[in-house]
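Novice: output the structure for:
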Amino acid sequence: MTSQTPTTSGAFVPGPDDGVTAAAVDAYLARIGADRPTRADIEALRDLQHRHLLAVPFENLSVHLGEDIVLEERALVAKVTGGRGGFCYELNGAFGALLRALGFRVTLLQARVFGDGGRLGIPYDHMALRVETEDGTGPWLADVGFGDNALWPLALDDRADQEDPRGVFRLRQAPQGDLDLLRGGSRQFRLDPRPRTLPEFRGGAWYHRTSPDSHFTRSLVCSRFTETGRVTLRGRTLVTTVGGDQHRTELVTDEEVLAAYRDHFGVRLSRVPRLREALVSQGPDAGR
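Specialist: All right, here's what the predicted structure looks like:
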């Protein structure tokens, strides 16, 4: 279990059993093709987030492979450096640990995702990051775990439109001090600005890996940004998006599926993941 301590700014610093080794940081930077930044500023943060989105896939394969999802910094970083991705709790948990090791001040934030009809999801539906830099800019909303989202960090205190290669984003005041993230005028999620710790997300992670109501138990997805668009493998359907054009390829054999995971996402598997029934009988500790 991690033990995180709040600072006067609301950010969290690692406890004595937290953090990642210098070798793990080097391996993480190598995975995303980044050099170690000389300064923890917005230019470095923007570059790290962009490279992370290009290199590390958003995927829910562990849910269907029966793998543990361990919400502890070292385990999350080891999963990324070992060639895998994850869903929001894993990706932003690992990215937050990397940023903290590089000198950024990082706070975990919880959000509820807007679903059909504008209905909000469960508390701790999503994890995002508040990041403070050494150059006096920001604070910044960093997020490498929300699928087709902004490529660059967003200014957390700015209520105007923010231009990004992925569209126009805006943070709008919501009830009880929360913030709604909009993309092109459409609400994406409602962000709670209060600081959180990794263990607080275990219930959300457990729900999304076990509940029949979670889209993660009902679908298989592995997806990442590319320099020209996006590549996604949904079950046995490979979708390549370039600009506004999509190309779909149906993969017939297991060998083709495994090759797609390897060649497009750097994910090497010994067997093809298959949809499995929700493990509703497990307790919240299963989402660690």
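
Novice: can you tell me the element Met127 falls in?
Specialist: Element membership of Met127 [criterion: DSSP states H and E] is strand 126-132.

Novice: average pLDDT for that strand, rounded please.
Specialist: Averaged across strand 126-132, the pLDDT comes to 98.

Novice: the helix or strand that that strand is followed by - contacts with which helices or strands?
Specialist: Scanning forward in sequence from strand 126-132 by DSSP H and E, the next helix or strand is strand 140-142. With contacts taken as 3 or more CB pairs under 8 Å, 6 or more residues apart in numbering; DSSP states H and E, strand 140-142 sits against helix 42-55, helix 88-101, strand 126-132, strand 154-155. No exception for glycine: its C-beta is placed from N, CA and C like everyone else's.

Novice: and these: which comes nearest Pro165?
Specialist: Proximity to Pro165 (CB to CB) singles out helix 42-55 among those, at 8.8 Å.

Novice: and the angle from the closest one to helix 88-101?
Specialist: Angle of helix 42-55 versus helix 88-101, following axes from the mean of the first three to the mean of the last three CA atoms, to 10 degrees, is 140 degrees.

Novice: by how many degrees do helix 42-55 and strand 126-132 diverge?
Specialist: Using the same axes, to 10 degrees: helix 42-55 against strand 126-132 is 150 degrees.

Novice: report the distance from helix 42-55 to the chain centre.
Specialist: Remark: helix 42-55 is offset 13 Å from the chain centroid, using CA atoms, centre = their mean, to the nearest Å.

Novice: also stretch 52-65?
Specialist: That offset, for stretch 52-65, works out to 9 Å (CA atoms, centre = their mean).

Novice: so for that stretch, mean pLDDT?
Specialist: The pLDDT scores in stretch 52-65 average 97.

Novice: figure out which of the helices and strands packed on strand 140-142 is closest to Pro199.
Specialist: Using CB to CB, the helices and strands packed on strand 140-142 put helix 88-101 closest to Pro199, at 11.0 Å.

Novice: pull the helix or strand with minimum mean pLDDT from this structure.
Specialist: Across the helices and strands of the chain, the lowest-confidence element by mean pLDDT, DSSP states H and E is strand 12-13, at a mean of 36.

Novice: how close does Arg105 sit to Val131?
Specialist: To Val131, Arg105 is 7 Å away according to CB to CB, to the nearest Å.

Novice: the more surrounded of these two?
Specialist: Val131 (27 against 20; other CB atoms under 10 Å).

Novice: surely the more buried one touches Val144?
Specialist: No: applying CB atoms under 8 Å as the test, Val131 and Val144 come out as separate, 11.4 Å apart.
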